[in-house]
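Trainee: give me the fold of what follows.
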Amino acid sequence: MDYIILDIEFNGRKFASEHPMEVIEIGAVRLDSSLQYKDEFSSLIKPIYFSTLNSFIKKKTGIPQEDIDIAARFPKVITAFQTWLDQSEDGVLLLTWGGEDMKRIIQDIRMHKMDDSYWMAATYFDLLKGVLRARGLSNDISVEGAMALLGLEPSGSAHRALDDAKMTAEIFRAIFSDLDFGRSQHYKDTFSNARERKTVKVAIKAMTSQKIVPTWELVVEHYFTDKATLADPRKVAELQEYFAAQVGRR
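Mentor: So this is what the prediction gives:
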C-alpha cells in the first residue's frame with residue numbers, strides 16, 4: 001500500500017455569499033510502504049465562483065492570478081488526480097492535515113454534479129489528530145508548528161499545496177511509529193456546524209451547573225432561539241446524537 005499525503009488550497013471571500021468556496025490547488029506526494037518518495041501530483045484549478053483571487057488569498061498562497069486564469073477546471077483536474085491515485089496497484093491510504101481537505105474535494109465534486117462514490121469510499125487518516133494524540137496535545141497546531149515540535153526544518157512555501165504536502169510527508173515519516181492507523185476513516189457528511197455544537201455543549205454545562213437535568217427539549221427551547229436553524233431533520237438527528245454523547249461524558 002502507498003501513502004498519499006494530500007493538501008489543497010481553496011479560494012476565499014471577504015463578504016457573505018451563497019456561492020461556495022472552491023478548491024484552487026491540489027498537491028500530493030506518494031510514499032511507498034517503506035515511506036520512500038515515489039512521485040508527486042500538483043495542479044492549479046480555475047474556480048467557477050470568485051475566480052479573481054482576493055488580496056488575502058493572493059498574499060497567503062502567493063498564487064499568481066494569471067496562473068489561475070489559465071488553469072483547468074475542477075472536473076478535469078480531479079479526474080487526472082484520481083487516475084494518478086489509481087497508479088498505486090496495492091491501494092492507497094490518504095493522509096490529510098485535518099478533515100477540511102476531504103470535505104472541500106467532495107463539496108466540489110457534488111457542485112460539478114460528478115459521482116462522489118470514489119471519494120466517499122476512500123480511506124483517509126487525519127494526521128493532525130494523529131500528532132495531537134501521539135504528543136498528548138489538546139489544541140490544534142499548524143503544519144509549521146508540528147515541524148517545529150518534531151525538530152524538522154520547514155522547506156518550500158507555506159500554503160502552496162505541493163510544498164505543504166511535502167512538509168506534511170516529513171511529519172508523517174517522523175511520527176509514523178506513534179500513529180494509530182486503526183483510527184483511519186471514511187468521510188462522513190455533517191449537517192451541523194461548530195457554532196451549533198458549541199451551543200449544545202454550553203447548554204449542557206449551564207443546566208448542569210444549575211442542577212437541572214439536561215434534556216434535548218430544554219436545549220431546543222432555551223438555547224436555539226432561531227428555530228429555523230433546526231429545520232433540517234438530518235441536522236437535528238446529528239445534534240441529538242452529539243447531545244447524548246456529551247451528556248454521557250458527565
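Trainee: contacts and neighbour counts: CA atoms only from here.
Mentor: Fine.
Trainee: output the lowest mean pLDDT helix or strand found in this structure.
Mentor: Taking mean pLDDT, DSSP states H and E as the measure, the chain has helix 55-61 as its least confident helix or strand, at a mean of 88.
Trainee: which element follows that one toward the C-terminus?
Mentor: Once the chain leaves helix 55-61, the next helix or strand it forms, by DSSP states H and E, is helix 65-69.
Trainee: then the next helix or strand after that next one to CSV, C-alphas only?
Mentor: Scanning forward in sequence from helix 65-69 by DSSP H and E, the next helix or strand is helix 74-85. In CSV, the C-alpha atoms belonging to helix 74-85 read as follows (Å, rounded to 0.1, in the frame of the first residue of the first chain):
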residue,chain,number,x,y,z
PHE,A,74,-12.1,21.1,-11.4
PRO,A,75,-13.6,18.2,-13.3
LYS,A,76,-10.5,17.8,-15.5
VAL,A,77,-8.1,18.1,-12.6
ILE,A,78,-9.9,15.8,-10.2
THR,A,79,-10.2,13.2,-12.9
ALA,A,80,-6.4,13.4,-13.6
PHE,A,81,-5.8,13.2,-9.8
GLN,A,82,-7.9,10.0,-9.4
THR,A,83,-6.0,8.5,-12.4
TRP,A,84,-2.8,9.3,-10.6
LEU,A,85,-4.0,7.8,-7.3
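Trainee: quick one: mean pLDDT for helix 74-85?
Mentor: Helix 74-85 shows a mean pLDDT of 98.
Trainee: how about the helices in this protein?
Mentor: 55-61, 65-69, 74-85, 100-111, 117-121, 127-135, 143-149, 161-175, 194-209, 216-223, 233-248 (DSSP state H).
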